[in-house]
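A.B. asks: structure for the following, please:
(chains A and B)
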Amino acid sequence: MKQPSKYIRNFCIIAHIDHGKSTLADRLMEMTGQVSKRDMQEQLLDSMDIERERGITIKLTPVRMFYDADDGNEYVFNLIDTPGHVDFTYEVSRSLAACEGAILIVDASQGIEAQTLANVYLAIENDLEILPVINKIDLPSARPDEAKKEIEDVIGLDASYAPLISAKEGTNIKDVLESVVKYFPAPQGDEDAPLKALIFDSYYDNYKGVILFVRLKDGKVNVGDRITTFRSDKIYEVTEVGVFAPRLMIKDGLYAGEVGYIAASIKSIQDVAVGDTVINADDRADQPLPGYKKVQSVVFCGIYPLDGSKFNDLKDALMKLQLNDASLVFEPDNSQALGFGFRCGFLGLLHMEIMQERLEREFNLDIITTAPSVSYKVVKTDGEVVFVDNPSHLPEPSYISYMEEPIVHADIYSPPDYLGQIMDLCRDKRGVFGQMTYLEENRVKLEYRLPLNEIIFDFFDKIKSRTRGYASFDYELVGYEKSRLVKLDILLNGEVCDALSMIVHEDSAYARGRMLCENLKEAIPRQLFEIPVQAAIGGKIIARETVKAVRKDVLAKCYGGDITRKKKLLEKQKEGKKRMRSIGSVEVPSEVFMEILKTNKD
Amino acid sequence: MAGIYVHIPFCKSKCRYCDFTSFPDKIGFAESYMTCVYREMKMRGAELKDKKFDTLYIGGGTPSVIDESYIAMLIAAAKKYFVLSADAEITIEMNPGTVSRKKIETYLKNGVNRFSVGLQTAIDSQLEDLGRYHTLNQFVTCAGMLRGENFNVDVMIGLKGQTLDDISKTIDVASSFGASHISMYALTPEDGTPIYSDYLNGELPDGDEVAEMYSFGVKKLKELGFERYEVSNFAKSGRQSRHNLNYWRRGEYIGIGVSASSFINGVRFTNTFNLDEYFKCILTNRFPVIDSAEIDLQGAKEETIMLSLRTCEGLDIDKFNGQFNADFLSDYSAPLKKNESFLEIISGRLRVKDEYLFVQNTIICDFFS
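C.D. replies: The predicted structure is shown next:
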């Protein structure tokens, strides 16, 4: 048995969304000489445009560094970045499985946030060593001692040795590097044992095929090796292995304890599921590494190409996205209003938004998305039970015995000043109060049972705006409960538009219908005829607005010099029309389908 | 049918809504400019010996601001260098603040047989607001000099603070002083003009109000015997502008002078908007063209649809089919079906129904590819 090098440290960083994770990662890379300051693009790890713009991490990105420690030895650090948002807990669990340690960044002025806690507990469950780091000590409002106390009180970790740093100013970064050496264990494993490598991520490269991001637990892998995975029966020959520097850097081989990538001309994405274990086809290990629990989609929506002929492009794009993000699920769907498209499942609302944005930006697709929905349990009169996440697939009311909706247990953390506002909001959202705990003088935990369909719309935004950003919130599904639910239909010019239907609680149906009609009235451009916009439940109209007919749409003058210019204006108008969908005789801009998301202003 | 357009880019002052090429501070260049115009006519005439022209339109700017002798020489040059039919329609645009009996007499003597007078509104405060440098009284004087002549009056709707009564009064004034033709335009606030800021500040009537003004004006004009023959143009019987009809029938025309556009042999082109550049080109015997595009078959069809649907005579389906070797009713069955309630076909002509002429853009767009 040959132990992996004791000079390797594999770790990740856990932090709340704006507590400085990417900044610290950048500093670590800079300090280890991995990247020169001059070449550094702000926040290297967040390489997607969306990530940089929103200041969040979605994908985990590994990077390798060399560090000359005070003990005289050179260490290899593999840092695996983790997403911070609650939607991406799944991704976090993947990166945790590839690490021995986790740096927990806590903002010296804000303390620990709810979402961070969830990830900390995940790390503890995964037996990771946790190194607390107090960041932003340069802020005037910094109170590092309180932050330390909070870590000890809330998580029960010893924070006395936590480095006090400012990632932004570059203060005390060396303490962090030394602590990584000192407190995180070197990887365990056996280099002589058969290969076992956990796939923690992957992406598709047009030239090399699927690139597998792996953490080797046992054994080694070299170019020319024949590999397979536990769940696959296909065998691939390794064409390239390497590490993340942070771009791909080719190496001769990878050994137990290391983090790196494998390319093996893998063309089919289905054969290399993230969470699977790579093994040597000629020297098979007999047990797979523990994978990840299968993710469950929580939020669903329809995605349709604006231009119906782009269906296949959309399909290709979704498949490519799924390659990096196994949590995205989709299946073909068909809407009367929107034609052929896909019903997609997501981890949460942010996950959904990000996928939509990536489809538009990275694949240049114009898409229409329908309102998000959850999966309802429908018990039919004949006793059959079906799950419905698409309102237009809901059986006729006469066939439904009763319906159940998914319920979450939500923990809301807030300073006590905002309790009133939070409780009001939760009551509006049909929440059932559980209990309230003072975590410390300035921090309260509220527990609620809430219907999931009430929080997928705007709950997060509203919590934030009502507490001036101080509160945070985390939730987990706890099961289904019987509920009085109805299908709310929208009729445009007398015809039901299936893409605008939604399932709502009976008590809020009227208000929702009223508001939707008002929003749609604003969002649908005036056309040559008057358009009634109606909301209906089971054929009964409950609200109506009217989009007035347009009365002026003409070029005042058109003489000799105007013809070319005026024609261009009409062509532009035509382009605008092309971006609309015809629902019956009504032309509807794609944004309209998102109107359904808007609720009354807060 | 073919027309000649000559652009006179000088004005006493710039109106607040104007985005045409005009230089209020450069009247001193009129002599040099007109010399170049005659020269350009000579150059063009040599190229277009085989074309017969039926109309001459002297527009601007304000053609009446320059000395009338230049206009006399211009008409003489047109007759000399182009094949201009004996009964050609010769129009000149005039601003009521720049005319005199002597000018009008000279115009008439040299063959002008149609005048176009920019009144815009009969309300002096609105004229001032538009930056017009004439008053209602000056229009009355001007119209008096044109008594018995064939003349058009421009009327604007959609002005700041304008009421239906104001429009009624303006049309009454134009009609009672003998106009044979009235052009009624909606003010278009173009980006870059001073009036655009009125628009941005919400001071101008909105689309619904303008539509109200328009239908009011249409009704009023009809009562006074002015028949609409294009969205914005109304005429007493037989007094339609032949020059403008030629544009909407997609006829050929040659534009002379700075910023003038042409459509000859399937090519649309435009002269430079820059006065110095114009001088330079003409003095070195080059055409001052900056923009030239041959119109392909698709473009020709779209232009035909766009232009003819502006008019009340509409699109001649047989002529279209013959000209483009097409089958209009089947080639355009989708947009025809979609817009069937807004269109009508009468004796082989497709037209936008009267009540939808003012919302025609959205209909026309559907016929574009």
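A.B. asks: every contact and neighbour count from this point should use C-alpha atoms.
C.D. replies: Noted.
A.B. asks: now do the contacts for residue 108.
C.D. replies: As the question left the chain open, I've gone with chain A. Going by CA atoms under 8 Å, 6 or more residues apart in numbering or on different chains, residue A:108 touches A:134-137, A:141-144, A:146-147.
A.B. asks: tell me how many other residues surround residue B:85.
C.D. replies: Residue B:85 has 12 neighbouring residues, counting by other CA atoms under 10 Å in any protein chain shown.
A.B. asks: quick one: low-confidence ranges for chain B?
C.D. replies: Scanning chain B for pLDDT under 70 picks out no residues.
A.B. asks: the residue lying farthest from the centre of it is in what secondary structure piece?
C.D. replies: Using CA atoms, centre = their mean, the residue of chain B lying farthest from its centre is residue B:330. It sits 33.6 Å away. Using DSSP states H and E, residue B:330 maps to helix B:328-331.
A.B. asks: can you report how many residues lie near residue B:309?
C.D. replies: Residue B:309: 27 surrounding residues under other CA under 10 Å.
A.B. asks: could you find the closest non-adjacent residue to it?
C.D. replies: Residue nearest to residue B:309 in three dimensions, not counting chain neighbours: residue B:351, with 5.8 Å by CA to CA, 6 or more residues apart in numbering or on different chains.
A.B. asks: which residue does the stretch 151-300 of chain B have closest to chain A?
C.D. replies: residue B:261 (4.9 Å; CA to the nearest CA).
A.B. asks: next secondary structure after the strand or helix carrying the residue nearest to residue B:309?
C.D. replies: According to DSSP H and E, residue B:351 maps onto strand B:349-352. Next along the chain after strand B:349-352, taking DSSP H and E as the criterion, comes helix B:360-365.
A.B. asks: other residues contacting that next one?
C.D. replies: A:553-555, A:570-571, A:573-574, B:305-306, B:309-310, B:339, B:342, B:352.
A.B. asks: in chain A, which helix has the most residues?
C.D. replies: Ordering each helix of chain A by length in residues (DSSP state H) puts helix A:506-523 first.
A.B. asks: average pLDDT across it?
C.D. replies: Mean pLDDT, helix A:506-523: 91.
A.B. asks: past the helix or strand bottoming out on mean pLDDT in chain A, which element shows up next along the chain?
C.D. replies: Lowest on mean pLDDT, DSSP states H and E among the helices and strands of chain A sits helix A:49-54, with a mean of 52. Sequence-wise, the next helix or strand downstream of helix A:49-54 (DSSP H and E) is strand A:62-68.
A.B. asks: how many neighbours does residue A:268 have?
C.D. replies: 11.
A.B. asks: could you list every residue that touches it?
C.D. replies: Taking CA under 8 Å, 6+ apart as the test, what residue A:268 contacts is residue A:210.
A.B. asks: could you redo the last one with a cut-off of 7 Å?
C.D. replies: Shown here is residue A:268, which makes no contacts under the criterion CA atoms under 7 Å, 6 or more residues apart in numbering or on different chains.
A.B. asks: for the residue lying closest to residue A:501 once chain neighbours are set aside, which residues count as its bridge partners?
C.D. replies: Nearest non-adjacent residue to residue A:501, counting by CA to CA, 6+ apart: residue A:489, 4.6 Å away. Bridge pairing for residue A:489 (DSSP bridges) gives the partners residue A:536.
A.B. asks: rewinding a little: neighbouring contacts of the longest helix of chain A?
C.D. replies: A:484-486, A:488, A:533-535, A:542-547, A:592, A:595-596.
A.B. asks: name the nearest residue to the residue in the stretch 301-450 of chain A that chain B sits nearest to, ignoring sequence neighbours.
C.D. replies: Nearest residue of the stretch 301-450 of chain A to chain B (CA to the nearest CA) works out as residue A:307 at 14.7 Å. Closest residue in space to residue A:307, ignoring its immediate chain neighbours: residue A:366 at 7.4 Å, by CA to CA, 6+ apart.
A.B. asks: this completes my enquiry, with thanks.
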